[in-house]
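Chemist: need a 3D model of the following:
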Amino acid sequence: MRKFSLIMLTFTLAFGFAVSATFVSCDDGSTSGNQGGTQGGGGTPTASYITDDQGLRYRRISIEDRYWVYSYSGTGGAVVIADTINGLPVTGINNRAFALKTSITSVTIPSSITYIGSEAFQGCYGLTSITIPAGVTSIADGAFDRCYFTSVTFLGNVRSIGYRSFYQCNFLTNFTLPASVTSIGGQAFYGCSRLANITIPVGVTSVGRAAFWNWGTSQTINVQGHANQASADAAWGDGWRADCNATIVYGQ
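Modeler: Residues are numbered from 1 along each chain as shown. A predicted model of the protein is given here:
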């Protein structure tokens, strides 16, 4: 009998440890200890991560009761980002959330989005166009680096264009900087060889080095806020024109 009790005790301890390990692995980083939930309104508080049937993975920011698009693992095609998850708003797109997802052909970004992270769409060669919601006020570094879309539409008052944000967007032909823009990062439009012209709004106070690197003689940059090159260089430094062969028209 003493030998039998010892075996049972050992088995109980081992089983108890296994249950504990299984519970931790199911948590997946959540503070709530639950997984799952449904997209859209209703339901109970959910875990940190939810993946929908498109392969979009959302992460809950518990402190602020909102979700971000965390990553994407779907098969491509048209992707639609939800504006709410379980009644909570989806407000951001994580750094590199869609990076190198070349099979995506379109992404619908809801009006609830106010932040698009660094390199969020880097290398999304399949995108043909993108529309930036009104709530987004800055384009993070490398957000659309090497996207092959032809058109970008801003619905709101973007103020900041980040470093390499449209780097080597070689097929971009339809693009207008909003009048609200105040800063343009270095190499922001590096190699945008098919963009015939661009206008730098009067309110721009800084332009980073080589913002228009490798622009050719057939392209035109219109500068609204400065009457001549000396005035622009005094405000931004002459590095903004580095390796740029475009025609620059001042006071336009």
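Chemist: which other residues reach stretch 73-81?
Modeler: Stretch 73-81 has contacts (C-beta atoms under 8 Å, 6 or more residues apart in numbering) with 51, 54-57, 69, 72, 90, 93, 98, 101-110, 113, 126. Where C-beta positions appear, they are placed from N, C-alpha and C, glycine not excepted.
Chemist: so of the residues you listed, which ones are in strands?
Modeler: Members of the contacts of stretch 73-81 lying in strands (criterion: DSSP state E): 51, 56-57, 69, 72, 90, 93, 104-108.
Chemist: distance check, residue 50 against residue 70.
Modeler: Distance of residue 50 to residue 70, computed by C-beta to C-beta, to the nearest Å: 9 Å.
Chemist: what touches both of the two?
Modeler: In contact with both residue 50 and residue 70: 57-58, using C-beta under 8 Å, 6+ apart.
Chemist: list buried residues within the contacts of stretch 73-81.
Modeler: Buried subset of those (neighbour count, 16 or more other C-beta atoms under 10 Å): 51, 54, 56-57, 69, 72, 90, 93, 98, 101, 104, 107, 109, 113, 126.
Chemist: most widely separated two among those?
Modeler: Spatially, the most separated pair among the buried ones among the contacts of stretch 73-81 is 90 and 126, at 22.5 Å (C-beta to C-beta).
Chemist: pretty sure residue 82 contacts residue 89?
Modeler: No - counting by C-beta atoms under 8 Å, residue 82 does not reach residue 89; the two are 9.6 Å apart.
Chemist: touching both of these two, which residues are there?
Modeler: Overlap of the contact sets of residue 82 and residue 89 (by C-beta under 8 Å, 6+ apart) is empty.
Chemist: quick one, what contacts residue 228?
Modeler: So residue 228 contacts 250-251 (C-beta under 8 Å, 6+ apart).
Chemist: how close does it sit to residue 74?
Modeler: Going from residue 228 to residue 74 by C-beta to C-beta gives 51 Å.
Chemist: with residue 89 instead?
Modeler: Distance from residue 89 to residue 74, counting by C-beta to C-beta: 22 Å.
Chemist: go on, residue 51?
Modeler: Distance of residue 51 to residue 74, computed by C-beta to C-beta: 9 Å.
Chemist: do residue 184 as well
Modeler: Per C-beta to C-beta, residue 184 is found 33 Å from residue 74.
Chemist: these two: which is more packed in?
Modeler: Set residue 184 next to residue 74 and count neighbours by other C-beta atoms under 10 Å: residue 184 wins out with 27 against 17.
Chemist: which regions of the chain lie under the pLDDT threshold?
Modeler: Within the chain, the ranges that satisfy pLDDT under 70 run 1-47.
Chemist: residue boundaries of the helices in it?
Modeler: Ranges of helices within the chain are 2-27, 229-236, based on DSSP state H.
Chemist: for the last one, buried residues please.
Modeler: To tie it back to what came earlier, the one meant is helix 229-236. Buried residues in helix 229-236, counted by 16+ other C-beta under 10 Å: 232, 236.
Chemist: please shift the residue numbers so they start at 55 in all later answers.
Modeler: Got it, first residue is 55 now, which makes that one helix 283-290.
Chemist: distance from the chain centre to that helix, please.
Modeler: Computed by C-alpha atoms, centre = their mean, to the nearest Å, the chain-centroid distance of helix 283-290 equals 31 Å.
Chemist: list the contacts of it.
Modeler: Against helix 283-290 from outside (C-beta under 8 Å, 6+ apart): 259-261, 277, 279-280, 294-295, 302, 304.
Chemist: buried subset of those as a ChimeraX selection?
Modeler: To isolate the buried ones among the contacts of helix 283-290 in ChimeraX, judged by 16+ other C-beta under 10 Å, type:
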select :261,277,279,280,294,295,302,304
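Chemist: return the member of the contacts of helix 283-290 nearest to residue 226.
Modeler: When those are compared against residue 226 (criterion: C-beta to C-beta), the nearest one is residue 261, at 18.2 Å.
Chemist: distance of the closest residue to the closest one other than its chain neighbours from residue 287?
Modeler: Ranked by C-beta to C-beta, 6 or more residues apart in numbering and with sequence neighbours excluded, the top spatial neighbour of residue 261 is residue 294, at 4.0 Å. For residue 294, the distance to residue 287 equals 8 Å [C-beta to C-beta].
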